[in-house]
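[1] What shape does this take:
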Amino acid sequence: RLEDTEATFAISQGNGISFNRDFITTSGKLVTHGRKRTDIVAPLDGIDPDLPVLFFRQQGKPIGAIINFACHQCCLGSYGEGYSGDYSSVLSRHLKEQYGHDFVSLFVLGACGDINHVNPDPTVPIPKDHYRHMGKVLADAVVVATGGQNLLFGKTTGSTQCDGYVAAKLYEQGAQLKNLEFIQYHPTTIETPQKRMLITEAARGEGGRPYYMDGDRRVYFMEEQYGEWGNLMPRDVVSKCIYDAPSQVYLDIAFLGEKLIASRLSEVAELCSKYANLDVTKESIPVYPSVHFFMGGLAVNKDHKTSIDRLYAVGECASMYHGANRLGGNSLLAAIYSGQTAAKAITQLAEHTEDTAHPDFAAYIAAQEEILHTQLSSKSPFSAVYIRYEIAKLMNESLGITRTETKLLEGIQSVEYYLSISEKLSYDADVSPYIVYSLRPMLLLARAILTSALARKETRGAHIRQDYPERSDAFARCSICQYQNGEHRISYTEEDEL
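    Residues are numbered from 1 along each chain as shown. Okay, here's the model as predicted:
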């Protein structure tokens, strides 16, 4: 939160500034929690007031900037649909020449209002739908904070913007992935057109009772199986019981009364009313488990460094704190501590000098750009979105709450088929180039998850193998998956060996 930092902020008074509207207004006022914080906003000396740029300063030194080109074009002049240069270096150079400031970070707001972020890896080109070509951004260090691979499983409780592409692309280029087979399901969710909405465990904590119908009789299966406190069993246990139930499971909180629901479970009442047209004070909630959290991700060490030099990963995209299962509070640890840890490690890196030689990515970018142009010139009515839907379907079928070798092998076979045809098919060019371009890496990530689950021949935490129901000491270590020479290679290691 801005008010909690030690940094001071300066913002130009030009029109059209648009950065996180909850905090910054077009008048240059900083707003937090409904309060104007004009005490930490001041003009930055020497800045053109007509330049819509937000500068960040810490201890008097500018450390970042956001430029909004949606309303301003003076910096480049040639900015527009056909611009293909290294825009980040041009902007940095322009700002340094004009105003004498150098920047650690630079984000550019595009003409369509999106942000062209610093690339997670200098070797990964950036697809830009409105430019339709690629560029590179070089950095001394990069932190990946892209969340879990929710979209790979279709509808989950997570953000639909988290699709796993960044981790997938890095995996394709050699980054190690860890513990991919451990996926937490939340036991009580409802379906909406876009995703599955979580019904908080507080509903069961307040006394809510899951049941299914056996004829005219309600079967409170958790209480029958685990006793009086059965409804409070851990997520993986409740999820499996609902998964194994013979018919639709419902969560009853109506008996708690309108007053308690309004005071303690108002969010549940609002969600069910909005998305399911249910009055929870009178009706039970139809629930089903859903993919909720990915314990696996990019393998990192104690400093959150990945297997690629100067590349760091934090948050859910990194596998660090959760092991084979997850306690909800550990996500707070990951969200706060992991970023601080990575930042401290980066400050200890030796600085690159102006003489530092950068790798030449020209040939790689040219080859990737050719692939993208070929995809964009396609006249086929076939949409890559269809394959995305099929991937999500097979991932849910193969990597459900309980797994078997047969199902996992079927999933691998299907992914291999889609990989074999993914670059041979012609796609509808009207669909976002990103969806087409990201297809192959996401298929590789799907293959890696399935391979990791197949290799772990035991039941541990959130990984439940129906054909290997017992825990095995032989697998009491982290799984590492690496893509080498077209093969997905699995190994096992201790946490402190990373």
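[2] in the stretch 301-450 of the chain, which segments are predicted with low confidence?
    For the stretch 301-450 of the chain, applying pLDDT under 70 flags the ranges 351-356, 432.
[3] try 90 this time
    Residues of the stretch 301-450 of the chain meeting the criterion pLDDT under 90: 321-323, 326-336, 347-388, 421-438.
[4] thought Glu172 was touching Met442?
    No - counting by C-beta atoms under 8 Å, Glu172 does not reach Met442; the two are 10.0 Å apart. All C-beta atoms are positioned from the backbone trio N, CA, C, and that covers glycine.
[5] Quick check on the two: which one has the bigger neighbour count.
    In this view Glu172 and Met442 are compared by other C-beta atoms under 10 Å, and Met442 has more residues nearby, 26 against 16.
[6] Kindly confirm my reading that Ser479 is in a strand.
    Yes - assigned with DSSP: H, G, I helix; E, B strand; the rest coil, Ser479 falls within a strand.
[7] Would you pull up how far the helix or strand Ile261 falls within lies from the middle of the chain?
    Here Ile261 sits within helix 258-264, counting by DSSP states H and E. Its chain's C-alpha centre and that of helix 258-264 lie 34 Å apart, by C-alpha atoms, centre = their mean, to the nearest Å.
[8] So which elements touch that helix?
    helix 266-276 (3 or more C-beta pairs under 8 Å, 6 or more residues apart in numbering; DSSP states H and E).
[9] Any figure for the gap between the most centrally placed residue in the chain and Ala318?
    What sits nearest the mean C-alpha location of the chain, by C-alpha atoms, centre = their mean, is Gly147, with 2.3 Å. Gly147 sits 10 Å away from Ala318, going by C-beta to C-beta, to the nearest Å.
[10] What of Tyr185?
    Distance, Tyr185 to Ala318, by C-beta to C-beta: 21 Å.
[11] With Asn396 instead?
    24 Å.
[12] So between the two, which is more surrounded?
    Just comparing Asn396 and Ala318: by other C-beta under 10 Å the higher neighbour count belongs to Ala318, 26 against 17.
[13] so that one bridges to which residues?
    Going by DSSP bridges, Ala318 is paired in beta bridges with Leu298.
[14] Could you confirm the residue nearest to the centre of the chain falls within a strand?
    No - counting by three-state DSSP, Gly147 is located in no strand; its state is coil.
[15] Quick check: Tyr312 is in a strand.
    Yes - under three-state DSSP, Tyr312 sits within a strand.
[16] how about the helices of the protein, start to end?
    Secondary structure of the chain (DSSP state H): helices located at 87-99, 165-172, 202-205, 221-226, 235-244, 258-264, 266-276, 330-347, 362-376, 384-398, 405-422, 433-437, 439-455.
[17] buried ones in the third one?
    If I follow you right, that is helix 202-205. Judged by neighbour count (16 or more other C-beta atoms under 10 Å), helix 202-205 contains these buried residues: 203-204.
[18] so Met442 makes contact with Ala167?
    No - if you go by C-beta under 8 Å, Met442 and Ala167 don't touch, sitting 9.6 Å apart.
[19] Need the overlap of contacts for those two.
    Counting by C-beta atoms under 8 Å, 6 or more residues apart in numbering, the contacts common to Met442 and Ala167 are Gln149.
[20] can you list the weak-confidence ranges in the stretch 151-300 of the chain?
    Counting by pLDDT under 90, the stretch 151-300 of the chain shows low-confidence ranges at 159-161, 192-194.
[21] so who does the nearest residue to Arg447 once chain neighbours are set aside touch?
    Closest residue in space to Arg447, ignoring its immediate chain neighbours: Val415 at 4.8 Å, by C-beta to C-beta, 6 or more residues apart in numbering. Val415 sits next to 391, 394, 443, 446-447, 450 when contact means C-beta under 8 Å, 6+ apart.
[22] Same question for Thr493.
    Neighbour list for Thr493: 477-478, 480 [criterion: C-beta under 8 Å, 6+ apart].
[23] would you list the residues you listed in CSV and tack on distance to Thr347 and neighbour count?
    Output for those, formatted as CSV (distance: C-beta to C-beta, whole Å; neighbours: other C-beta atoms under 10 Å):
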residue, distance to Thr347, neighbour count
Arg477, 32, 14
Cys478, 28, 20
Ile480, 28, 21
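[24] how much space between the residue of the chain most remote from its centre and Glu390?
    Farthest-out residue of the chain from its mean C-alpha position, per C-alpha atoms, centre = their mean: Asp216, at 43.3 Å. Remark: distance between Asp216 and Glu390 (C-beta to C-beta) = 40 Å.
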